[in-house]
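> Dropping the sequence and predicted coords here.
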Amino acid sequence: MGGGEIHKGSSSLSSNESCRNPTAYFFDRDVETIIQHASEEQDRKIYLEVLNTYKNGLNLEKLEEAKRKVLSYTPGSRIDNFDHSNFPKTTSIILVGPKGSGKSSLVNKISAALEGYKLGLCRAQVSYNGSSENGTYFLHEFMVPRSSSSICLYDTRSLSEDVSENNEMLIGWMTGGVCHGELVQKNSDTIDLNNRLRAKARHNHRLGKPREVNFAILVVNAVDVLKSISGEDESFKNYSQLIATTFNNPFLSFKDDKPAIVITHGDLLSIEDRVSVRLYLGDVMQAHPKTQIFDIPDDEDSPTILSVFEMLNYCLDRADRNLLSKQMMIPTISLFSSMLFVLMLTTTYMLK
């Protein structure tokens, strides 16, 4: 039954009746068909928007403006008409993701985009070995760019397939803060691995003051997502579920703001596959494929650099919004504390 057809039968409307009562005519149509058509049109629109991010030529003015905004950033600078004196000096952004997602590579990509691509500029150590006992075990902070103290990225230990272990890590970071050089251990670590990690941590006697996390980035491997979609490789069957569970973890959210999503290793895929991965993640996580999911491949071209800056600006905008809400709570807390203190004094006086 087409979207413009009128139902046959006793409840159907004649053409004259539909003209006199257009509301009744609308509700007598095949509503499911209308909704399906609208949904298909919306999907097609988003598909074209994402595809055009790869097809359209680069706007150099847009690139320079995005870079300028990042380089001129200080905590709270995205908030107008507000006293920034009580804001922290550094905005901390945490990178989380499964093993092999490319968190350390993303740190290097961001640093290179801000400081210029130079030979040998790899600040974070990248693992090229698939060993289960290889990777990042200590929290590492990276000021970006190095000459500034406004933005700090935190490279973290990879997520595991054990949701409870991931929750324990995330809750610790998001409630207690992150500290450069802190060893991150898991219950599932082997005895041999624990011994080696403790030996590596023998110099960690004076860890710095923990930094509060202001926003989060979920890093995922586009190739692994594609394998998970196809279902051909059993070892990647639960990959999508893992990243979706992490994305929806309430401790990674700041009120309604959930993490930004960065897909890596897209340079190993076709443009069509990269678009499919972004659309799939958008559908699974209910995140906009164009504005909240950023494709940052292992390339050094201008479109990749623009993606880096757009992703950072997205995170910094929301980090400042989170800082603002906390600053607005301080007067309320102070007032409540003062009233409580006065009440205690009054009660003490009356009891004497």
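Nice, thanks for sending it over.

> In the stretch 101-250 of the chain, where is pLDDT below threshold?
Scanning the stretch 101-250 of the chain for pLDDT under 70 picks out the ranges 117-121, 128-134, 203-207.

> What ranges does it have for its helices?
103-115, 163-176, 191-200, 222-230, 239-247 (DSSP state H, counting those that start in this stretch).

> nearest to residue 122, of these?
Nearest to residue 122 among the helices of the stretch 101-250 of the chain is helix 103-115 (5.0 Å), distances taken as C-beta to C-beta. C-beta: built from backbone N, CA, C; applies to glycine.

> would you list the helices of the stretch 101-250 of the chain in a markdown table and tack on distance to residue 265 and mean neighbour count?
Putting the helices of the stretch 101-250 of the chain into a markdown table (distance: least, C-beta to C-beta, whole Å; neighbours: other C-beta atoms under 10 Å) gives the following:
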| stretch | distance to residue 265 | mean neighbour count |
| --- | --- | --- |
| helix 103-115 | 9 | 22 |
| helix 163-176 | 22 | 16 |
| helix 191-200 | 26 | 12 |
| helix 222-230 | 5 | 20 |
| helix 239-247 | 13 | 19 |
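
> Can you say which of those is nearest to residue 126?
For the helices of the stretch 101-250 of the chain, proximity to residue 126 was assessed by C-beta to C-beta; helix 103-115 is nearest, at 4.8 Å.

> Give me the phi and psi for the residue nearest to residue 254 when sequence neighbours are not counted.
Closest residue to residue 254 apart from its sequence neighbours, by C-beta to C-beta, 6 or more residues apart in numbering: residue 322 at 4.4 Å. Taking degrees, to the nearest 10, you get phi -70, psi -40 for the backbone angles of residue 322.

> What number of residues are in the vicinity of residue 322?
When neighbours are defined as other C-beta atoms under 10 Å, residue 322 has 18 of them.

> The helices of the stretch 101-250 of the chain: which one's closest to residue 298?
It's helix 103-115; of the helices of the stretch 101-250 of the chain, that one is closest to residue 298 (C-beta to C-beta) at 6.7 Å.

> So what's the gap between the closest one and the chain middle?
16 Å (C-alpha atoms, centre = their mean, to the nearest Å).

> Looking at residue 42 now. What's its pLDDT?
Here the pLDDT value assigned to residue 42 is 85.

> any idea how far it is from residue 289?
12 Å (C-beta to C-beta, to the nearest Å).

> who's more crowded, the two?
residue 289 (22 against 10).

> Can you give me every residue that contacts the residue lying closest to the more buried one once chain neighbours are set aside?
Taking C-beta to C-beta, 6+ apart, and ignoring the residues beside it in sequence, residue 289 has residue 282 as its nearest neighbour in space, at 3.7 Å. Under the criterion of C-beta atoms under 8 Å, 6 or more residues apart in numbering, the neighbours of residue 282 are 46, 288-289, 292-293.

> Strands of the stretch 151-300 of the chain, start to end?
Shown for the stretch 151-300 of the chain, the strands assigned by DSSP state E, counting those that start in this stretch span residues 151-155, 215-221, 260-264, 293-295.

> can you list those strands in CSV and add distance to residue 254 and mean neighbour count?
As requested, these are exported to CSV (distance: least, C-beta to C-beta, whole Å; neighbours: other C-beta under 10 Å):
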stretch, distance to residue 254, mean neighbour count
strand 151-155, 16, 24
strand 215-221, 7, 26
strand 260-264, 11, 24
strand 293-295, 18, 24
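
> before we move on, back to that, closest one of the contacts of residue 282 to residue 148?
Using C-beta to C-beta, the shortest approach to residue 148 within the contacts of residue 282 belongs to residue 292, at 25.5 Å.

> what sits against the closest one?
Residue 292 makes contact with 258, 260-261, 282, 314 under the criterion C-beta under 8 Å, 6+ apart.

> do that again at 7 Å, thanks
Taking C-beta atoms under 7 Å, 6 or more residues apart in numbering as the criterion, residue 292 is in contact with 260-261.

> any idea how far residue 38 is from it?
Counting by C-beta to C-beta, the separation of residue 292 from residue 38 is 22 Å.

> And residue 304, by the same measure?
Taking C-beta to C-beta, one finds residue 304 at 34 Å from residue 38.

> Could you check which of the two is surrounded by more residues?
Using other C-beta under 10 Å as the criterion, residue 304 and residue 38 rank with residue 304 on top: 17 against 11.

> check which helix or strand covers the more buried one.
Using DSSP states H and E, residue 304 sits within helix 302-351.

> can you tell me the average pLDDT over that helix?
When the per-residue pLDDT values of helix 302-351 are averaged, the result is 70.

> Need the strands of the stretch 151-300 of the chain in CSV (columns: distance to residue 184).
Written out in CSV, the entries for the strands of the stretch 151-300 of the chain read as follows (distance: least, C-beta to C-beta, whole Å):
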stretch, distance to residue 184
strand 151-155, 11
strand 215-221, 16
strand 260-264, 21
strand 293-295, 25
